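J.: Sequence and predicted model, in that order:
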Amino acid sequence: MTQMQSNALNGAEAMVRLLQAHGVKHVFGLCGDTSLPFYDALYRLDHDIQHILTCDERCAAYMADAYARVTGRVGVCEGPSGGGATYILPGVVEANESSVALLSITSDVSVTSLGRYPLTELDQTALFRPLTKYNGVIDHADRLPNMVRQAFRAMTTGRPGAAHLGLPIDVQRAPVDETDIWAQPEFETFPAWPSAPDPKSIEAAANAIVAARNPVIVCGGGIVLAGGELALQAVAERLNIVVATTVSGQGSLSDSHANHLGVVGSNGGVPTTRAIVDAADLVVFVGCRAGSVTTERWRSPARGVKIIHIDSDPMAISASYQTDVAVVADARLAFEALNTAFDEMGTDDIDFGGTETVAAAKKIKFATFDDLAASNDSPIKPERVVAELNRVLPSDAVIIADPGTPCPYFSAYYKTPHAGRYFISNRAHGALGYSLSAAVGAQIGRPNSKVVAVMGDGSFGFTVGEFETVTRLNLPITFLVFSNSVFGWIKAGQKTGFNERYYSVDFNRTDHAAVAQSFGVKSWRVEDPTDLGQVLKQAVEHDGPTLVDVISQPLQDANAPVSEWIA
Ligand SMILES: Cc1ncc(C[n+]2csc(CCOP(=O)(O)OP(=O)(O)O)c2C)c(N)n1
Ligand SMILES: [Mg+2]
């Protein structure tokens, strides 16, 4: 046992105090041997951090990720060395590549035991290196405070992202000077220290926009992350420009806004909305990587179209398209600067006819959707599910959509009445099994909102164990399963791209309602579409966790808003 100096905390206590100093209120995680001093510090010290015990470190990271997305605060997860560290990785990389501030703390074997085969030894620094913006195992207690601050600075500034800190058990026991416990207050939320654009780049962007014939703005996640919704709306309205979003960019404008075209790209886009991007002579990408899904494998927009790209991360700009005007800046500050530039230029005589274009495209898009949504066929069509949920959910509901049927269907057709963060999908890696646990983080971050997780039956199998956490905390989340007993997205790929050679994609039907019920989740199974509306209403209004198992049309047979199964 280390002898403590009088003005010293031990490393574990210092970690708790530093988290507290950075405004952390919730930590999601799972215990382990090497974490014991840290847990003991959480037990003994007086603080306002709530630890949420999970059933799997992967789920802890997904919870922290969704918590960060709905609160704008740093999400924190933790797990033990070895297996805990390897299990936590999927959530860390998802957050990092989705520009979400997430701190992953993993305890570690003692520094002094390295190389002598202590149980769970692993090179954790190497493990997390490609997944994080900041990463390090704290090899000496004196370095602990500064490394925590570095992690928070990296997560919250510039392009936000994930950090990993390894916390060896001997460092948890070693003394740390109390006077070194302090935090930079701006790092509680992200983006911190947002960067304003170079005025020359704004002038060039404003000139290029007013000179265009058919400009379209395509928003990635950057607008909502930066809180730039109102500034975007002002630009869109004053010039009457079409605004489209990526899957991650949903909420940049309200879905009911007349300039909002909706989601474009191969997952959630439809031919009529793609045609509008294809007709553009100028595309303004904002907070968007212009990756394969958004651009339909870099075909929409076509090469040669004039591009303005606004992003806080210069690495995203001109990665795929030669760019005419690059604006390296926070999306909110960039749009505020554009508004000022347009004020000075005077734009009263400019009208790009965006609302008319959007109205015409949406009429075509929703005509087909509305027909299918009214169908009383069984198995139940995904369109019917989206339409019924849209009817029963309150306007501030948060939807979390997994890959498979949920992501394209909710992206294309669910209408969120407000701008802001009301839709979440794990689009960086699209790993199955995100929404069930992400819903826990979202519900804890927004305790007064209705949170709904929509998943395929494949995703259900990945993280079903987390229902224990849900019922232990009695979170009033509604889970919806598209039960089609198939990895439908992949079967659709085999159908369209491999001449219907179906191979190893079908599986047994699970009684998801019975499984969830056994955890204590109030559950229903729905086979008849005419029952769906009233069951969903009951589920959504119940004051505890609920699940609705929908026997649904397999994705490969549906009229999915997907143009490329191999994204
Ligand atoms: C962890 C992980 N493994 C594999 C995949 C590849 N994948 C993408 S969609 C999909 C099928 C999804 O099946 P399900 O959840 O049942 O939804 P459905 O497509 O049937 O609606 C798979 C396997 C993935 N996204 N994530
Ligand atoms: Mg399925």
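T.: Thanks, I have the structure now. Ligands and ions are numbered 1, 2, ... in the order given.

J.: was I right about Ile399 contacting Phe423?
T.: Yes. Contact between Ile399 and Phe423 holds when scored by Cβ atoms under 8 Å: they sit 5.2 Å apart. C-betas here are computed from N, CA, C, even on glycine.

J.: Residues in contact with both of these two, list them for me.
T.: The contact sets of Ile399 and Phe423 overlap at Phe410, Tyr414, Thr416 (Cβ atoms under 8 Å, 6 or more residues apart in numbering).

J.: which ones among these are found in helices?
T.: Phe410 (DSSP state H).

J.: and which of the shared contacts of Ile399 and Phe423 is nearest to ligand 2?
T.: The nearest member of the shared contacts of Ile399 and Phe423 to ligand 2, counting by Cβ to the ion, is Phe410 at 15.3 Å.

J.: Without its sequence neighbours, what residue ends up closest to the closest one?
T.: Leaving aside its sequence neighbours, Phe410 sits nearest to Ala401 (Cβ to Cβ, 6 or more residues apart in numbering; 4.6 Å).

J.: and if you look at Ser378?
T.: Glu527 (5.8 Å).

J.: Give me the residues contacting the longest helix along the chain.
T.: Longest helix in the chain by number of residues (criterion: DSSP H): helix 354-373. With Cβ under 8 Å, 6+ apart as the test, helix 354-373 has contacts from 236, 239-243, 258-262, 270, 272-273, 275-276, 381, 383-384, 386-387, 412-413, 559.

J.: Off-centre distance for that helix?
T.: Centroid separation for helix 354-373 versus its chain: 27 Å, with Cα atoms, centre = their mean, to the nearest Å.

J.: what element comes up after that helix heading to the C-terminus?
T.: Under the assignment DSSP states H and E, the closest C-terminal helix or strand after helix 354-373 is helix 382-392.

J.: can you pull the contacts of the nearest residue to Gly488 once chain neighbours are set aside?
T.: With sequence-adjacent residues excluded and distances taken as Cβ to Cβ, 6+ apart, Gly488 is closest to Leu555, at 3.0 Å. Each residue near Leu555 by Cβ under 8 Å, 6+ apart is listed here: Pro382, Gly404, Thr405, Gly456, Phe482, Asn484, Val486, Gly488, Trp489, Lys491, Ala492.

J.: The residue in the stretch 451-567 of the chain positioned nearest to ligand 1: neighbour count?
T.: Going by Cβ to the nearest ligand atom, ligand 1 is nearest to Gly456 of the stretch 451-567 of the chain, at 2.2 Å. Neighbourhood size, Gly456 [other Cβ atoms under 10 Å]: 28.

J.: And the one 3 residues further on, by the same measure?
T.: Taking other Cβ under 10 Å as the neighbour definition, Ser459 ends up with a count of 25.

J.: again, but for Thr295
T.: Thr295: 24 surrounding residues under other Cβ under 10 Å.

J.: Same question for Asn499.
T.: Asn499: 7 neighbours (other Cβ under 10 Å).

J.: That one should be in a helix, yeah?
T.: No. Under DSSP: H, G, I helix; E, B strand; the rest coil, Asn499 sits outside any helix and is assigned coil.

J.: Need phi/psi at it.
T.: Asn499 adopts backbone torsions of phi 50, psi 40, taken as degrees, to the nearest 10.

J.: list the contacts for Val562?
T.: Contacts of Val562 by Cβ under 8 Å, 6+ apart are Ser266, Asn267, Gly268, Pro408, Ala492.

J.: And those, which two are furthest apart?
T.: Gly268 and Ala492 (14.6 Å; Cβ to Cβ).

J.: Let me know the secondary structure of Lys491.
T.: Going by three-state DSSP: Lys491 is helix.

J.: That one reaches Phe507, doesn't it?
T.: No. Using Cβ under 8 Å, Lys491 makes no contact with Phe507, being 10.8 Å away.

J.: Which of the two has more residues huddled nearby?
T.: Counted by other Cβ under 10 Å, Lys491 and Phe507 do not tie: Lys491 has more neighbours, with 22 against 13.

J.: Can you give me every residue that contacts that one?
T.: Counted by Cβ under 8 Å, 6+ apart, Lys491 has contacts Tyr502, Val505, Asp506, Pro554, Leu555, Gln556.

J.: returning to what we had before: when you check ligand 2, which of the contacts of Leu555 turn up near it?
T.: When the contacts of Leu555 are checked against ligand 2 using Cβ under 5 Å from the ion, the ones in range are Gly456, Asn484, Val486, Gly488.

J.: What is the burial count for whichever residue of the stretch 151-300 of the chain sits closest to ligand 1?
T.: Using Cβ to the nearest ligand atom, the closest approach of the stretch 151-300 of the chain to ligand 1 is made by Asn267 at 10.3 Å. Asn267 has 28 neighbouring residues, counting by other Cβ under 10 Å.

J.: contacting residues for it?
T.: Val247, Val293, Cys407, Pro408, Ser411, Pro561, Val562, Glu564, Ala567.

J.: what does stretch 178-197 contact?
T.: Residues contacting stretch 178-197 (Cβ under 8 Å, 6+ apart): 7-9, 14, 17-18, 21-23, 68, 72-74, 101, 145-146, 149, 152-153, 155-158, 160, 225-226, 310, 312, 327-330, 332-334, 337.

J.: Just the buried subset of those, please.
T.: Buried members of the contacts of stretch 178-197, scored by 16 or more other Cβ atoms under 10 Å, are 8-9, 14, 17-18, 21-23, 68, 72-74, 101, 145, 149, 152-153, 155-158, 160, 225-226, 310, 312, 327-330, 332-334, 337.

J.: List the ones among those that fall in strands.
T.: Under the assignment DSSP state E, the buried ones among the contacts of stretch 178-197 contribute Ala8, Leu9, Ile310, Val327, Val328 to strands.

J.: Can you tell me how far the closest residue to Glu121 other than its chain neighbours is from Ala174?
T.: Computed as Cβ to Cβ, 6+ apart, the closest residue to Glu121 that is not its neighbour in sequence is Val109, at 5.2 Å. Per Cβ to Cβ, to the nearest Å, Val109 is found 14 Å from Ala174.

J.: Next: Ala226.
T.: 40 Å.

J.: OK, contacts around the closest residue to ligand 1 within the stretch 251-400 of the chain?
T.: Proximity of the stretch 251-400 of the chain to ligand 1 (Cβ to the nearest ligand atom) peaks at Pro382, 8.1 Å away. With contact set as Cβ under 8 Å, 6+ apart, Pro382 has these partners: Thr405, Tyr409, Phe482, Ser552, Gln553, Leu555, Ala558, Ala560.
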